[in-house]
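Trainee: Next one to model:
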Amino acid sequence: MDKHSPPGEFVDYEQSKIHYIKKGTGDKTVVFSSGNGTSSPYADMYHLQNEISPHAETIIYERPGYGWSDSTTRSRSINTITDEMKKVLDEASENQSFIFVGHSMAALEIISYAQKYPEKVDGIVLMDGVHPQYASDMESSVPLSIHSTKFLKNTGILRLLSNFEFFQDNLVQGEHLPDHVKNEGISFALDRMWNKTMLEERKMIPENGKQVNKEGDLGDIPLIIFSASKNPMEGWKKSQEKLPKMSKNSKQIWIDTDNHFIHHEKPEMIVEEIKNLLKSKEGNE
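Mentor: The predicted structure follows:
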């Protein structure tokens with residue numbers, strides 16, 4: 001793949017390498033995790049990491065199959081995905097507690113981690129994050145839209161379209177990105193979008209949603225929920241309305257948009273809430 005050198009470091013996990021990007025220092029760590037099918041978490045979370053890293057240690061986590069991380073044949077069960085993330089965080093940071101910031105389906109691994117290790121979670125920020133019940137009700141079969149995108153990728157049509165600026169935002173939303181990061185994101189989309197690991201992860205979403213749903217709520221872990229009020233997915237808004245019930249200490253902020261990638265549309269709002277969480281944790285020590 002014609003890409004720059006990895007910007008981060010690797011953790012070995014069962015004969016494969018998982019990549020993460022760490023920036024900033026401090027006794028608080030903010031962890032960013034992207035949704036299913038987002039080929040470059042580095043590009044996806046670059047702007048948020050840049051804004052938060054002057055205030056805390058930050059880590060962009062790239063699951064197996066994403067960014068510079070190896071693909072894997074390991075099960076994409078929520079237990080495995082959570083174990084992988086724990087292994088990386090244990091090695092990447094000396095801090096013993098984290099604020100998690102996740103988009104879309106990353107909510108499942110973040111909630112799962114908080115259920116297993118509540119003492120290690122200082123707070124959670126979900127950006128149009130999936131409700132576990134909604135995930136459990138999804139079809140396990142891969143949608144036609146994903147098959148169509150994979151066809152365009154495999155035939156080279158996607159690479160051809162990527163030469164046109166109007167199409168590039170379909171591959172990576174790059175309004176806040178420097179050109180080299182946006183180009184990195186486009187390159188990963190062309191090479192890695194809907195690889196086997198991502199597809200297996202997509203197929204496991206309903207089962208993983210059931211597992212997370214079964215484990216119950218988050219107690220009083222601070223939970224901040226950003227929700228797109230016009231998200232067109234059927235039943236999405238109703239499921240978002242239920243998310244605050246997952247914690248006794250929750251706050252929901254509705255964004256007037258149909259853009260699922262609300263962290264690209266309203267990054268300043270998300271940055272402000274992360275900073276507020278960091279400040280509140282300082283005050284509690």
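
Trainee: List the contacts of residue 134.
Mentor: When contacts are counted by C-beta atoms under 8 Å, 6 or more residues apart in numbering, residue 134 touches 209, 235-236, 239. For every residue, glycine as well, the C-beta is placed using N, CA and C.

Trainee: Phi first, then psi, for the residue most central in space within the chain.
Mentor: The geometric centre of the chain, computed from its C-alpha atoms, lies nearest to residue 34 (C-alpha atoms, centre = their mean), at 1.8 Å. For residue 34, the backbone dihedrals (degrees, to the nearest 10) come out as phi -90, psi 170.

Trainee: shouldn't it be in contact with residue 49?
Mentor: No: under the criterion of C-beta atoms under 8 Å, residue 34 makes no contact with residue 49, lying 11.6 Å away.

Trainee: Provide a list of residues in contact with residue 17.
Mentor: For residue 17, the contact set (C-beta under 8 Å, 6+ apart) comprises 10-11, 69-70.

Trainee: same thing with residue 49?
Mentor: If you count contacts by C-beta under 8 Å, 6+ apart, residue 49 has them with 21, 23, 32, 58, 60.

Trainee: Let me know the closest of those to residue 138.
Mentor: Relative to residue 138, the closest of the contacts of residue 49 is residue 32; by C-beta to C-beta it sits at 23.5 Å.

Trainee: Mind telling me what element that closest one is part of?
Mentor: In this structure, residue 32 is located in strand 29-33 according to DSSP states H and E.

Trainee: pLDDT weak spots in the protein?
Mentor: Along the chain, segments meeting pLDDT under 70 span 1-3, 140-174, 283-285.

Trainee: tell me how far the ends of stretch 115-126 are from each other?
Mentor: For stretch 115-126, the separation between the terminal residues is 15 Å (C-alpha to C-alpha, to the nearest Å).

Trainee: quick one on the thing from earlier: can you turn the buried subset of the contacts of residue 134 into a selection I can paste into PyMOL?
Mentor: Provided next is the PyMOL selection string for whichever of the contacts of residue 134 are buried by 16 or more other C-beta atoms under 10 Å:
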select buried, resi 209+236+239
